[in-house]
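Chemist: model this:
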Amino acid sequence: MRVDLYEKLVRAGATRRELLKGAASMAALAAASGAGIGALAKPAAAADDLRAKLLQIPGVGKGQPTDADFQKVGELCLEATKANVKEGEFAGVELTFMGLNNQNLHNVLFRGFLKPWEAYTGAKINWIDLAQADYNPRLQQAIATNTIDFDIVEMGAPFEGDVCGKGLTSEMPDWVKKQIDMDDLVAYLKPPVGTWNGKQYRVTVDGDTHNFNYRTDVFSDTDLAAAWKADTGDKAGLAEWGVPKTWQQVQAVTKF
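Modeler: Sure thing, here's the model as predicted:
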């Protein structure tokens, strides 16, 4: 489809994911652009093809990946870089990356992922590896003494105030915003996470998955249900005995 039509639909509130997922949207776009559904399906097909290739690499029920496997992932994900950067364009550039090496992960994985990027761009990355317990003191000392010796930093959202609040970060370039589809992120990792004063400053590379587990036999127990109903304490909006849906209800059920 034409770029102007795509941008018009996005301004109206549609996302790339919605445009490709929704059959009605697909039909409307095909009619509007004259490009046909086949043209619209190509980006999704390319993404599915990349996903299929990534899933062949050890890691998802296929054993423990090695550094060579990490490098394969990095190579498969170079398409966007090649579209924006000429081969060897960053020759002679050195960047220092400060991050974690917990459980032999984080920086260890990033090294493998970024080796193909280094080979293609010509840039070199130097690494500052820190244990979790050493990270905050190292970061705060660098900020307090103005001795920041890193260009890129792996950090969690709690540190954004320390770093962005002091103007120590560079705003995300527009070409990066176009390259990364924020709709691929779960809601709690989307902006305003990673923003400061309305400007985007970072790309999310990790998202923990939190589980809420409960015993079904406890919440189907008739004696507990009767006792809950008879209880005159604060029920936090949970009238009938059942699985809590808010943190206030979790607290009330726990006390009960």
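Chemist: all helices for the stretch 51-200 of the chain, in order.
Modeler: 67-76, 79-84, 107-121, 132-144, 160-164, 174-179 (DSSP state H, counting those that start in this stretch).
Chemist: Tell me which of those sits nearest to N211.
Modeler: helix 132-144 (21.3 Å; CB to CB). Yep, even glycine has a C-beta here, placed from its N, CA and C like the rest.
Chemist: still on that earlier bit, just send the helices of the stretch 51-200 of the chain back as TSV, with distance to G237 too.
Modeler: Output for the helices of the stretch 51-200 of the chain, formatted as TSV (distance: least, CB to CB, whole Å):
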stretch	distance to G237
helix 67-76	46
helix 79-84	46
helix 107-121	43
helix 132-144	37
helix 160-164	32
helix 174-179	40
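Chemist: out of those helices, which comes closest to A52?
Modeler: helix 67-76 (10.5 Å).
Chemist: circling back to that earlier point, as CSV, the helices of the stretch 51-200 of the chain with mean pLDDT would be great.
Modeler: As requested, the helices of the stretch 51-200 of the chain are exported to CSV (pLDDT from 0 to 100):
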stretch, mean pLDDT
helix 67-76, 95
helix 79-84, 90
helix 107-121, 95
helix 132-144, 95
helix 160-164, 91
helix 174-179, 82
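Chemist: Which one of those lies nearest to Q248?
Modeler: It's helix 160-164; of the helices of the stretch 51-200 of the chain, that one is closest to Q248 (CB to CB) at 26.6 Å.
Chemist: So which other helices or strands are in contact with that closest one?
Modeler: helix 132-144 (3 or more CB pairs under 8 Å, 6 or more residues apart in numbering; DSSP states H and E).
Chemist: Of the helices of the stretch 51-200 of the chain, which is nearest A46?
Modeler: Closest among the helices of the stretch 51-200 of the chain, using CB to CB: helix 79-84, at 8.5 Å.
Chemist: Convert the C-alpha atoms of the closest one to PDB, please.
Modeler: C-alpha atoms of helix 79-84 as PDB (Å, rounded to 0.1, in the frame of the first residue of the first chain):
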ATOM      1  CA  GLU A  79      18.100  -6.900   8.500                       C
ATOM      2  CA  ALA A  80      17.000  -3.700  10.100                       C
ATOM      3  CA  THR A  81      20.600  -2.600  10.600                       C
ATOM      4  CA  LYS A  82      21.500  -3.400   7.000                       C
ATOM      5  CA  ALA A  83      18.600  -1.200   5.900                       C
ATOM      6  CA  ASN A  84      19.900   1.800   7.900                       C
END
